[in-house]
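Participant: generate coordinates for the sequence data below:
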Amino acid sequence: MPRDAWKYWGAAGLSAGLLELPFPLAGPLPAWRSLITWFGLVPLLWAVLSPQRDGCARPLRRAFLLSYLCGFLWYMGNCYWVRDTMSRYGDMPPLAPTLLLVAFSMVLGLYFGLFGLGVMLVRRATGSVRLALAAAPFLWVALDLLGARFTSVPWDQLGYSQVDNALVNQLAPWTGVYGITFLLVAVNALLAGSLVLGGRPENGKQRVDDLRLWSGLAGVVLLAGSATGLVRQPPKPPAPATAVLVQPNLDVAGENNWTGPGEWDSHLADFARLAGEQCKTYIAGIPQTGAPTGEIVCPPYPTHPDLVVWPEAPAPFVESDPRFQQSIATLARSMQAPVIVGGIGSEYASDSQAWQDYNSAMIIAPDGTRIGRYDKIHLVPFGEYIPFKNLLVFAHKLTGRVSDFTRGTDRRVFLLPTQNGAHHRYGIFICYEAVFAGEVRHFARNGAEVLVNISDDGWYGDTSAPWQHLNMARMRAIENRRWLLRDTNSGISAVIDPYGRVRQSIPRHQADALPAQYGFRNDITFYTAHGDVFAWCCAILAIGIAGWSANRLQRTTAVKVQIKVRS
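Facilitator: Predicted coordinates for the structure are as follows:
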């Protein structure tokens, strides 16, 4: 191993550390930290493509391992909360949560490794650093798409770091978050080119110096231009409707059966009291950011909300329970508003001759009658079901609290009345589904004029996960240009406007309610209509680039072997 090899491994680790910073770290993300994404990948690209690597006996393997190290460290840091959550609530042996996090990071870190391998493959096949850097954004987006479709963990893709950048996130209604990621990697590649191209003359030293200069200038100009988006204010759309988002703050580790004397009635009385809180203060922004306090002052005559929402929460709300049906119907009639309630839906499956449970959102009309139910489609593996449970029989012993929900099949929208007599369409999705852009868009495409996300982030405690989850939900509002009502068990409960801005919220970890002011939109963005077209185009090009490069490298290697044999 060369004496200076530590520099390249250190650069890979440096990129992992830099790329942690543009995402929430156990609290809301300061907007200035999002700028680090624009150059955080540069050390890794330098380590992979530095001309000194030409002396390496196995450059493809070295490029893969350097990038794999970066990815492993990044997932270990970004998703450290996996260990905390499983340690507290997974009923696992002492070392199992740590081993689970390590295994999780080792698997997902492979995407970083494949990225480095692809970049070096192009470099070796063409002999050009410039072409390798040009291929980088296509390869990264293709692997992001693979991660969303194959391992189904598209957590904190690079583009989410720009959710507060009003200039850059204008790409999202066209390309989804993938277009923002593409731009970020492209700028990183330009900046890396100003370093890597200086190592060895290509077609003359003067030309290399010019390339270095223009590459660096282009990267700096794009970075500076993007920074203006942090101070740019998008328009403020009107918000004529009001929804009361109830935040019950139930203990996820508790029994929550409500079977004690008067316990059910007490909790339902709290629910009704919180649902009636329409005149109160709120945070005019994201909690813990110093955002100012606003106040809703009710008019001097009786008012009713347009919607009441109860989140996904550890409450014994079972749709088939007559006590639940009566209580929610009474609440809806007293509030004179439709009610969305997270709970457990059940159906009898004739094929298996058994009852099937669903993680559901039940929708009740203002007169107390049942409108319908949305059943969660994208369940959390090892949280809401055990994949391949006939094979992974040990998983039941390792994760004792895993539920056994059945997957829903229909992304329905629901037509609900408002206080002014009009009717509007709502799309409802549950918890983890918020991170899947290609799935959430179907609600808007199916006619939803506003999105509702109910979630229980109480499992994550005071880690980074609730803040990361919030930012990904905000991107769904931007991509589809829809208001998003986000109601959670313990926070962050907020109303998000069609430009991804948190307009109102309430503090975390307290029983509270947010009278969220929102509006309706029925226009369809390109992304809503066509989905991940941009990402698929990148994937097709990336496959073509990788295939052509591998074939060219193989032929070149074969020729060299023949020449060596003849000589």
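Participant: I'd guess residue 374 is in a strand, am I close?
Facilitator: Yes. The assignment for residue 374 (DSSP: H, G, I helix; E, B strand; the rest coil) places it in a strand.
Participant: what about it, how many residues close to it?
Facilitator: The tally of other residues near residue 374 (other C-beta atoms under 10 Å) stands at 28. Backbone N, C-alpha and C define where each C-beta goes, glycine included.
Participant: now do the contacts for it.
Facilitator: Going by C-beta atoms under 8 Å, 6 or more residues apart in numbering, residue 374 touches 360-361, 363, 408, 410-412, 414, 428-430.
Participant: just those now: which is nearest residue 178?
Facilitator: Closest approach between these and residue 178, by C-beta to C-beta: residue 429, at 19.6 Å.
Participant: give me the contact list for the host helix or strand of that closest one.
Facilitator: Under the criterion of DSSP states H and E, residue 429 resides in strand 423-430. Strand 423-430 is contacted by residues 241, 307, 312, 340, 342, 359-361, 363, 374, 376, 411, 413-418, 439-440, 443-444, 446-455, 520 when judged by C-beta under 8 Å, 6+ apart.
Participant: would you tell me which one of the contacts of residue 374 comes nearest to residue 168?
Facilitator: Nearest to residue 168 among the contacts of residue 374, with distances taken as C-beta to C-beta, is residue 429, at 25.0 Å.
Participant: hang on, the earlier thing: buried ones from the contacts of residue 374, can you make that a ChimeraX selection?
Facilitator: Buried residues among these (16 or more other C-beta atoms under 10 Å), as a ChimeraX selection:
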select :360,361,363,408,411,412,414,428,429,430
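Participant: how about the helices in the stretch 351-500 of the chain?
Facilitator: For the stretch 351-500 of the chain, the helices defined by DSSP state H, counting those that start in this stretch cover 395-398, 437-445, 465-480.
Participant: can you lay out these as JSON lines showing distance to residue 281?
Facilitator: Formatted as JSON lines, the helices of the stretch 351-500 of the chain follow (distance: least, C-beta to C-beta, whole Å):
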{"stretch": "helix 395-398", "distance to residue 281": "45"}
{"stretch": "helix 437-445", "distance to residue 281": "31"}
{"stretch": "helix 465-480", "distance to residue 281": "20"}
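Participant: and the ones you listed, which is most packed in?
Facilitator: helix 465-480 (a mean of 26; mean count of other C-beta atoms under 10 Å).
Participant: now do that one: which elements does it pack against?
Facilitator: helix 172-175, helix 437-445, strand 450-455, strand 483-488, strand 494-496, helix 526-530 (3 or more C-beta pairs under 8 Å, 6 or more residues apart in numbering; DSSP states H and E).
Participant: distance to residue 321 added to the ones you listed, as TSV?
Facilitator: Listed next are these as TSV, based on distance: least, C-beta to C-beta, whole Å:
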stretch	distance to residue 321
helix 172-175	41
helix 437-445	28
strand 450-455	19
strand 483-488	21
strand 494-496	30
helix 526-530	37
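Participant: those: which one's closest to residue 355?
Facilitator: Nearest of the helices and strands packed on helix 465-480 to residue 355, taken as C-beta to C-beta: strand 450-455 at 23.0 Å.
Participant: for residue 249, report the pLDDT, please.
Facilitator: pLDDT, residue 249: 94.
Participant: that one and residue 458: what is the separation?
Facilitator: Counting by C-beta to C-beta, to the nearest Å, the gap between residue 249 and residue 458 amounts to 8 Å.
Participant: next: residue 107.
Facilitator: 26 Å.
Participant: so which of the helices of the stretch 351-500 of the chain comes closest to residue 163?
Facilitator: So among the helices of the stretch 351-500 of the chain, helix 465-480 is nearest, using C-beta to C-beta, at 4.8 Å.
Participant: can I get that closest one as CSV, trimmed to CA atoms?
Facilitator: The C-alpha trace of helix 465-480 is given here as CSV (Å, rounded to 0.1, in the frame of the first residue of the first chain):
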residue,chain,number,x,y,z
ALA,A,465,-35.5,11.0,12.9
PRO,A,466,-38.6,13.2,13.6
TRP,A,467,-36.8,16.2,12.0
GLN,A,468,-35.6,14.2,9.0
HIS,A,469,-39.1,12.8,8.6
LEU,A,470,-40.6,16.3,8.7
ASN,A,471,-38.3,17.5,5.9
MET,A,472,-39.1,14.6,3.6
ALA,A,473,-42.8,15.2,4.1
ARG,A,474,-42.2,18.9,3.2
MET,A,475,-40.7,17.8,-0.1
ARG,A,476,-43.9,15.9,-0.9
ALA,A,477,-45.8,19.2,-0.5
ILE,A,478,-43.4,20.9,-2.9
GLU,A,479,-43.4,18.2,-5.5
ASN,A,480,-47.2,18.1,-5.8
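Participant: what angle sits between it and strand 423-430?
Facilitator: 140 degrees (axes from the mean of the first three to the mean of the last three C-alpha atoms, to 10 degrees).
Participant: so for stretch 278-295, what's the average pLDDT?
Facilitator: So the average pLDDT for stretch 278-295 ends up being 92.
Participant: actually stretch 321-328, sorry about that
Facilitator: Computed over stretch 321-328, the average pLDDT equals 94.
Participant: give me the contact list for that stretch.
Facilitator: Stretch 321-328 is contacted from outside by 264, 268, 316-319, 339, 341, 343, 362, 364, 368, 370, using C-beta under 8 Å, 6+ apart.
Participant: in JSON lines: those, plus distance to residue 19 and neighbour count.
Facilitator: Output for the contacts of stretch 321-328, formatted as JSON lines (distance: C-beta to C-beta, whole Å; neighbours: other C-beta atoms under 10 Å):
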{"residue": "264", "distance to residue 19": "48", "neighbour count": "17"}
{"residue": "268", "distance to residue 19": "46", "neighbour count": "19"}
{"residue": "316", "distance to residue 19": "42", "neighbour count": "17"}
{"residue": "317", "distance to residue 19": "40", "neighbour count": "21"}
{"residue": "318", "distance to residue 19": "43", "neighbour count": "17"}
{"residue": "319", "distance to residue 19": "43", "neighbour count": "19"}
{"residue": "339", "distance to residue 19": "42", "neighbour count": "27"}
{"residue": "341", "distance to residue 19": "39", "neighbour count": "27"}
{"residue": "343", "distance to residue 19": "39", "neighbour count": "21"}
{"residue": "362", "distance to residue 19": "41", "neighbour count": "24"}
{"residue": "364", "distance to residue 19": "45", "neighbour count": "23"}
{"residue": "368", "distance to residue 19": "51", "neighbour count": "16"}
{"residue": "370", "distance to residue 19": "47", "neighbour count": "13"}
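Participant: dump those into JSON lines; add distance to residue 380 as well.
Facilitator: Listed next are those as JSON lines, based on distance: C-beta to C-beta, whole Å:
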{"residue": "264", "distance to residue 380": "28"}
{"residue": "268", "distance to residue 380": "28"}
{"residue": "316", "distance to residue 380": "20"}
{"residue": "317", "distance to residue 380": "19"}
{"residue": "318", "distance to residue 380": "20"}
{"residue": "319", "distance to residue 380": "21"}
{"residue": "339", "distance to residue 380": "25"}
{"residue": "341", "distance to residue 380": "20"}
{"residue": "343", "distance to residue 380": "17"}
{"residue": "362", "distance to residue 380": "20"}
{"residue": "364", "distance to residue 380": "26"}
{"residue": "368", "distance to residue 380": "32"}
{"residue": "370", "distance to residue 380": "27"}
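Participant: out of those residues, which is nearest to residue 93?
Facilitator: Checking these against residue 93 with C-beta to C-beta, the nearest one is residue 316 at 29.4 Å.
Participant: distance from the chain centre to stretch 445-461, please.
Facilitator: 12 Å (C-alpha atoms, centre = their mean, to the nearest Å).
Participant: which of residue 107 and residue 458 has more neighbours?
Facilitator: Using other C-beta under 10 Å, the more surrounded residue of residue 107 and residue 458 is residue 458, with 24 against 14.
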